[in-house]
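>>> Have a look at this prediction, sequence included:
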Amino acid sequence: MGFKSGFVRCLFLSLMVLFVGCAELKSLREERIVMTQRIGELQQERDDLNSRYNLSEQEKAGLIEERDRLENARRSMEERLKGSGASVRIKEGKLSVMLPSSILFNSGQTKLKKAAKSSLTKVCNELKKDFPNATIRIEGHTDSDPLKRTKKVYNSNWELSALRASNVLHHLVDSCRLDPKKLYIAGFGKHQPVASNKSKEGKKKNRRVEIVILTDR
């Protein structure tokens, strides 16, 4: 009985070792499969990153080319607008013609000065020549001073800036014959300054109308 009992015990232990060995072998095989899959995933991620890197380099070259094109167009237009009082800047990746309010309007007014019309006509001619199919946004901007003399006429600088933009639009459409379907206005009031409102010179720069060329091709 002792021999049989010992034999059974040994057989049982052997089977247990064999079973554990088989289980470990199966686990190792499963881990190997998982690792192989993960290696494949990592290789794919690496390939994707390489593709993205190469694409970003192409995009970078395109951005540099577009920047140079815009800067050349800005310089050219500003040169041709000399004498009009207008300046040209690149705003959010678009060309923008800036006209000081002092050229266009009397203080606190929205009616165009007679002298302003010649400046706008000059700008208009350049727009028709270089950007005949462009969509254009005409923006009105003010400084941060609250309205005083005209506060009974305009509720705020928003209304003042929008009406000024509107009158510029009407001149471009009625007198210069720009396509009205391609133009719209925006009044920003004091909320998009280009200089500090703490100085008279800064306020003067902020009082302006901008003609932004949104599409030029």
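Done, it's in. Residues are numbered from 1 along each chain as shown.
>>> Strands of this protein, start to end?
For the chain, the strands defined by DSSP state E cover 87-91, 94-100, 136-141, 183-189, 208-213.
>>> Distance to Lys198 added to those, as JSON lines?
Yep, even glycine has a C-beta here, placed from its N, CA and C like the rest. Converted to JSON lines, the strands of the chain look like this (distance: least, CB to CB, whole Å):
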{"stretch": "strand 87-91", "distance to Lys198": "21"}
{"stretch": "strand 94-100", "distance to Lys198": "19"}
{"stretch": "strand 136-141", "distance to Lys198": "17"}
{"stretch": "strand 183-189", "distance to Lys198": "18"}
{"stretch": "strand 208-213", "distance to Lys198": "17"}
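>>> Put together JSON lines for the ones you listed, with mean pLDDT on each row.
Putting the strands of the chain into JSON lines (pLDDT from 0 to 100) gives the following:
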{"stretch": "strand 87-91", "mean pLDDT": "94"}
{"stretch": "strand 94-100", "mean pLDDT": "96"}
{"stretch": "strand 136-141", "mean pLDDT": "98"}
{"stretch": "strand 183-189", "mean pLDDT": "97"}
{"stretch": "strand 208-213", "mean pLDDT": "97"}
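>>> In space, what's closest to Lys122 - neighbours in sequence excluded?
Leaving aside its chain neighbours, Lys122 sits nearest to Ser84 (4.5 Å; criterion: CB to CB, 6 or more residues apart in numbering).
>>> Run a quick neighbour tally on that neighbour.
The burial metric for Ser84, expressed as a neighbour count using other CB atoms under 10 Å, is 19.
>>> show me what contacts it?
Leu99, Ser118, Ser119, Lys122, Val123 (CB atoms under 8 Å, 6 or more residues apart in numbering).
>>> Most widely separated two among these?
Greatest spatial distance in the contacts of Ser84: Leu99 and Ser118, 11.8 Å, computed using CB to CB.
>>> Of the contacts of Ser84, keep whichever come out buried.
Neighbour-count burial (16 or more other CB atoms under 10 Å) applied to the contacts of Ser84 gives Leu99, Ser119, Lys122, Val123.
>>> and the residue most central in space within the chain, how far is that from Ile213?
Central residue check for the chain by CA atoms, centre = their mean: the C-alpha nearest the mean position is that of Glu92, 5.5 Å away. If you measure Glu92 against Ile213 using CB to CB, to the nearest Å, the figure is 11 Å.
>>> Quick check: the closest residue to Arg80 other than its chain neighbours vs Ser96, distance?
Closest residue in space to Arg80, ignoring its immediate chain neighbours: Glu126 at 5.8 Å, by CB to CB, 6+ apart. Using CB to CB, Glu126 is found at 13 Å from Ser96.
>>> go on, Ser196?
The value you get for Ser196 to Ser96, if CB to CB is used, is 20 Å.
>>> Neighbour count: these two, which is higher?
Applying other CB under 10 Å to Ser196 and Ser96 shows that Ser96 carries more neighbours, namely 19 against 12.
>>> residue contacts, that one?
Going by CB under 8 Å, 6+ apart, Ser96 touches Val88, Arg89, Ile90, Glu210, Ile211, Val212, Ile213.
>>> What is the burial count for Pro193?
As a measure of burial, Pro193 has 18 neighbours, counting by other CB under 10 Å.
>>> my guess is it contacts Arg207, does it?
No. Pro193 is not in contact with Arg207 according to CB atoms under 8 Å; the separation is 9.9 Å.
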